[in-house]
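Asks: The following block contains a protein sequence and its predicted model.
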Amino acid sequence: MTDNNINKLCSVLTDIRKKVPLVQCITNHVTINDCANILLAYGASPAMCEAYDEVFDFVKIAQALYINLGTLNKEQEASVILAAESAKIHNIPVILDPVACAAIPRKINVINRIFQVGKVDVIKGNIGEINFLAGKSSNVKGVDSLDNSEGALDSCKILAQKYNCIVAATGENDFITDGKSSAIINNNTPMLTKITGAGCMLGALCGAAAGCSEDKFIATTSAILSMNIAAEEAFKEAKAPGSFRIKLIDYIYDLTEDKLRKGGKIIWQ
Amino acid sequence: MTDNNINKLCSVLTDIRKKVPLVQCITNHVTINDCANILLAYGASPAMCEAYDEVFDFVKIAQALYINLGTLNKEQEASVILAAESAKIHNIPVILDPVACAAIPRKINVINRIFQVGKVDVIKGNIGEINFLAGKSSNVKGVDSLDNSEGALDSCKILAQKYNCIVAATGENDFITDGKSSAIINNNTPMLTKITGAGCMLGALCGAAAGCSEDKFIATTSAILSMNIAAEEAFKEAKAPGSFRIKLIDYIYDLTEDKLRKGGKIIWQ
Amino acid sequence: MTDNNINKLCSVLTDIRKKVPLVQCITNHVTINDCANILLAYGASPAMCEAYDEVFDFVKIAQALYINLGTLNKEQEASVILAAESAKIHNIPVILDPVACAAIPRKINVINRIFQVGKVDVIKGNIGEINFLAGKSSNVKGVDSLDNSEGALDSCKILAQKYNCIVAATGENDFITDGKSSAIINNNTPMLTKITGAGCMLGALCGAAAGCSEDKFIATTSAILSMNIAAEEAFKEAKAPGSFRIKLIDYIYDLTEDKLRKGGKIIWQ
């Protein structure tokens, strides 16, 4: 099973570059540029359409919808709900990034609304957010998680079963599960926490992968491993965050199946 | 005529650096930072004033108004119309970037309104957008054009005559026309399609050039050639998109009349 | 006193890295990404929460609030007032960056409202903005100041005494005062004027420093010197603005007390 999973995971990258999925993002304004650039570097086609008058129809033509709750102004909130509804009707995969849900109660209202009228295929958050959504105690500072890996996989499984979707929790280790099968990625580059938007960019990549693959568990694992491998290569060349950010995009662009295969430290459960 | 055009085109760069035009931009939030930075590197002074309460008065003091329809929330939509009206009243040159007009019907409504109450001096879009506006069939994927150069100049001329303005269509080749005289730029750096905002940044540069020159045809051609020359130099040093973006700004900053003169592959018609 | 001031100023940097202050920013969308990244590089934890429904509660958990009036849409305007009120109630230090107040009358209305319902600990602007707020004539071009250093310290003092807060005016020289004691920083890197957001990033750093230090005069001086030292180091390696921006973040990350101590050209008055 392991070899088979790795083969499938690697081929997601090639599929993205072949199919060039249109990934429609409604995302925070802090890292919106980074998300668009990393999608292009990954081989996808980004669209950052968030106007209330546009999203319902635009989601139809996309291969995936990425929803990031980072900076949710009133128009964006309405757009997010409408886009999730459109994705359900038109059967477009949805990736939800519940940014700051543990620190800001309003995010939970929006998440509940998304599940009411729409659907979600992948929830990807940091460990603090996933613990919080799973009903456990969590320790966060603004948008950042202070939780360690302990219990994270359990939280992922609780959520995956509750919402019948893929759940990923990122941190020192990354956990991905469909509720039964799981992957733990042990690659880790702490410099990722010294730039803003590493999580947002990763969510966008998950959108690209989910837009090219029926198996959302493998797709999500592939996207998360891609980010990890690129980060390791970037950090070899750049030990400070300004330069690291630039190299991260470069190495997503230069990513190959071979690098994923050789560099990945994955435990499949 | 050719030599004369090139001399005029080159002197636009020097004029920008001498006059430091204030270019007021209402532009999408994905690449707003890139637009401001490239304007500074070019020698202009950027202002990204988009609040409804501010734009009418602010346009008065600018040398050019750049309108980009990328991410048009409700307040921005109102601001765009108001700014175009102010530009007409105060005789400020307007550059319109009809981003995604072929994919999102609402953009057309906004464009029509701009022409109703305001005026436009330069329309700059990708080939798919220009084909679409010219009433031809176009092939787009979200904000990206899949059209090739065939018929692009014809589309530019149709639009230029319809709206009595300069029209530029960018892609593998770039086409600029006032409806009679035309320029075709054959410099091309495909890496420009691997970063977000190349088109937006170019639109901003067109604003700076139009703000410093009576001859908007030459000004637009000069701005587009500037982007091309800087991109060629950037690509020599940076083969991946993260680094390429940074070098692009560097080489706009380092641009000289001499580089434009020697590097430009322009056919004048 | 000088040695004592420098020691205190240097220790602010160490305090930031120890305490990792949560700096809540309501800032313009042009440079919001730069502000978040430079805060992380400095050792702080950025939060860019600006939704009207969220700010009042979010300010409570922050160590400082940075308000930047650059691109003030209607929702942001309401958020800014509400956040300032929350900061007053919960005793959170507030840094105000009165961007473009000399060019756009509406900014003054917002500033007045902030002082009515909230409070401000530090006003940091360019020299043109500070001259304008101090009731003097000022010469600005959009968001940029054309004023020189003459009379700048006097303007700072007028404002500091009027509002009973720290006032800093940045330009070729930087002036900081609490109305009585003053610091003049004579480090200067003109390339800072060739990138967008140098002022915004500096304002964010002032937030981090003010969030870690009782002495807001020293904290503000420390943040401004930090930016200057990092800029000097960045410029040694990067003579064009694209690369300079990246190196600036790198050198904020690599900043040490020793660099501040040796590199600072400060006159204490």
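Replies: Sure, I can see it. Numbering: from 1, shown residues only, chains lettered A, B, ... in the order given.
Asks: mind checking how far the residue lying farthest from the centre of chain A is from chain B?
Replies: The C-alpha centroid of chain A is most remote from residue A:53, which lies 25.6 Å away (Cα atoms, centre = their mean). Distance, residue A:53 to chain B, by Cβ to the nearest Cβ, to the nearest Å: 5 Å. All C-beta spots, glycine's among them, are computed from the backbone N, C-alpha and C.
Asks: got it, and residue A:101?
Replies: From residue A:101 to chain B the distance is 23 Å (Cβ to the nearest Cβ).
Asks: Neighbours of that residue, how many?
Replies: Residues within reach of residue A:101, counting by other Cβ atoms under 10 Å in any protein chain shown, total 24.
Asks: Also residue A:73?
Replies: Residue A:73, neighbours per other Cβ under 10 Å, totals 23.
Asks: Please list all residues in contact with it.
Replies: Contacts for residue A:73 were tallied using Cβ atoms under 8 Å, 6 or more residues apart in numbering or on different chains; they are C:50, C:51, C:52, C:75.
Asks: Give me the subset of these that lies in helices.
Replies: residue C:75 (DSSP state H).
Asks: Give the buried subset of the contacts of residue A:73 as a ChimeraX selection command.
Replies: Applying 16 or more other Cβ atoms under 10 Å in any protein chain shown to the contacts of residue A:73, the buried members can be selected in ChimeraX as follows:
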select /C:50,51,52,75
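Asks: before we move on, the earlier item: pLDDT score for the residue farthest from the centre of chain A?
Replies: As predicted, residue A:53 sits at a pLDDT of 93.
Asks: That one and residue B:200: what is the separation?
Replies: As judged by Cβ to Cβ, to the nearest Å, residue A:53 and residue B:200 stand 21 Å apart.
Asks: and if you look at residue A:129?
Replies: In terms of Cβ to Cβ, residue A:129 sits 32 Å off from residue B:200.
Asks: Compare the two and say which one has the larger neighbour count.
Replies: Between residue A:129 and residue B:200, counted using other Cβ under 10 Å, the more crowded position is residue A:129 (29 against 24).
Asks: Let's see the helix or strand containing that one as CSV, backbone CA atoms only.
Replies: Counting by DSSP states H and E, the element that carries residue A:129 is helix A:127-133. The C-alpha trace of helix A:127-133 is given here as CSV (Å, rounded to 0.1, in the frame of the first residue of the first chain):
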residue,chain,number,x,y,z
ILE,A,127,-2.9,22.0,14.9
GLY,A,128,-4.5,24.5,17.2
GLU,A,129,-7.4,25.2,14.8
ILE,A,130,-8.0,21.5,14.2
ASN,A,131,-7.9,20.7,18.0
PHE,A,132,-10.4,23.5,18.5
LEU,A,133,-12.8,22.4,15.8
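Asks: got the contact list for the residue in the stretch 101-250 of chain A that chain C sits nearest to?
Replies: Closest residue of the stretch 101-250 of chain A to chain C, Cβ to the nearest Cβ: residue A:242 (3.1 Å). Contact analysis of residue A:242 by Cβ under 8 Å, 6+ apart lists C:37, C:41, C:245, C:246, C:247, C:248, C:249, C:250, C:253.
Asks: Can you list the buried residues in stretch A:193-207?
Replies: Per 16+ other Cβ under 10 Å, stretch A:193-207 contains these buried residues: A:193-207.
Asks: Looking at the residues you listed, which is nearest residue C:165?
Replies: Closest approach between those and residue C:165, by Cβ to Cβ: residue A:196, at 28.7 Å.
Asks: just checking, that closest one touches residue C:46?
Replies: Yes: Residue A:196 lies in contact with residue C:46 (Cβ atoms under 8 Å); the separation is 6.6 Å.
Asks: can you tell me the helix or strand for the residue of the stretch 101-250 of chain A closest to chain C?
Replies: Judged by DSSP H and E, residue A:242 forms part of helix A:241-253.
Asks: now that helix: mean pLDDT?
Replies: pLDDT averaged over helix A:241-253 gives 98.
Asks: just for chain A, where's the confidence low?
Replies: A:1 (pLDDT under 70).
Asks: In it, what residue comes closest to chain B?
Replies: With Cβ to the nearest Cβ, the shortest gap between chain A and chain B falls at residue A:249, namely 3.1 Å.
Asks: contacting residues around that residue?
Replies: Counting by Cβ under 8 Å, 6+ apart, residue A:249 has contacts A:34, A:37, A:38, A:41, B:240, B:241, B:242.
Asks: between those residues, which is nearest residue C:14?
Replies: Closest to residue C:14, out of all of those and judged by Cβ to Cβ, is residue A:34, at 29.9 Å.
Asks: residues from chain A in reach of chain C?
Replies: On the criterion Cβ under 8 Å from any Cβ of the partner chain, chain C has as its neighbours in chain A the residues A:28-31, A:33-34, A:70-74, A:77, A:100, A:103-106, A:141-144, A:193-197, A:240-243, A:245-246.
Asks: Any of those buried? List them.
Replies: For these, buried by 16+ other Cβ under 10 Å: A:28-31, A:33-34, A:70-73, A:77, A:100, A:103-104, A:106, A:141-144, A:193-197, A:240-243, A:245-246.
Asks: is it fair to say residue A:62 lies in a strand?
Replies: No: counting by DSSP: H, G, I helix; E, B strand; the rest coil, residue A:62 is not part of a strand but coil.
Asks: Please report how far it lies from residue C:98.
Replies: Distance from residue A:62 to residue C:98, by Cβ to Cβ: 41 Å.
Asks: Over to residue A:13?
Replies: Distance from residue A:13 to residue C:98, by Cβ to Cβ: 48 Å.
Asks: cool, residue A:150 as well?
Replies: From residue A:150 to residue C:98 the distance is 47 Å (Cβ to Cβ).
Asks: If you count surrounding residues, which of the two has more?
Replies: residue C:98 (25 against 9).
Asks: just checking, the more buried one touches residue C:125?
Replies: Yes: contact between residue C:98 and residue C:125 holds when scored by Cβ under 8 Å: they sit 5.0 Å apart.
Asks: Which residues are in contact with each of these two?
Replies: Common neighbours of residue C:98 and residue C:125 (Cβ under 8 Å, 6+ apart) are residue C:133.
Asks: can you give me the angle the helix ranked longest in chain A makes with helix A:241-253?
Replies: Secondary structure of chain A read by DSSP H shows that its longest helix is helix A:216-237. For helix A:216-237 against helix A:241-253, the angle by axes from the mean of the first three to the mean of the last three Cα atoms, to 10 degrees is 130 degrees.
Asks: What residues sit buried inside helix A:216-237?
Replies: Buried, per 16+ other Cβ under 10 Å, within helix A:216-237: A:216-235.
Asks: can you give me the strands in the stretch 1-150 of chain A?
Replies: A:22-26, A:45-47, A:64-68, A:94-97, A:122-126, A:140-141, A:144-145 (DSSP state E, counting those that start in this stretch).
Asks: Can you say which of these is nearest to residue A:112?
Replies: strand A:94-97 (11.7 Å).
Asks: Tell me which strands that closest one pairs with, and in which orientation.
Replies: Paired with strand A:94-97 in the same sheet, following DSSP bridges, are strand A:64-68 (parallel), strand A:122-126 (parallel).
Asks: Adding mean neighbour count, write these out as JSON lines.
Replies: Putting these into JSON lines (neighbours: other Cβ atoms under 10 Å in any protein chain shown) gives the following:
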{"stretch": "strand A:64-68", "mean neighbour count": "29"}
{"stretch": "strand A:122-126", "mean neighbour count": "28"}
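Asks: Out of these, the one nearest residue B:189 is which?
Replies: Nearest of the strands paired with strand A:94-97 (Cβ to Cβ): strand A:64-68, 28.5 Å.
Asks: quick one: that closest one to strand A:22-26, angle?
Replies: Going by the same axes, to 10 degrees, strand A:64-68 makes 20 degrees with strand A:22-26.
Asks: in chain A, which residue is closest to the centre?
Replies: Mean-position check on chain A, Cα atoms, centre = their mean. Result residue A:203 at 2.2 Å.
Asks: Give the phi and psi angles for that residue, as a check.
Replies: phi -60, psi -40 (degrees, to the nearest 10).
Asks: residue contacts, it?
Replies: By Cβ under 8 Å, 6+ apart, the neighbours of residue A:203 are A:27, A:35, A:66, A:68, A:95, A:97, A:124.
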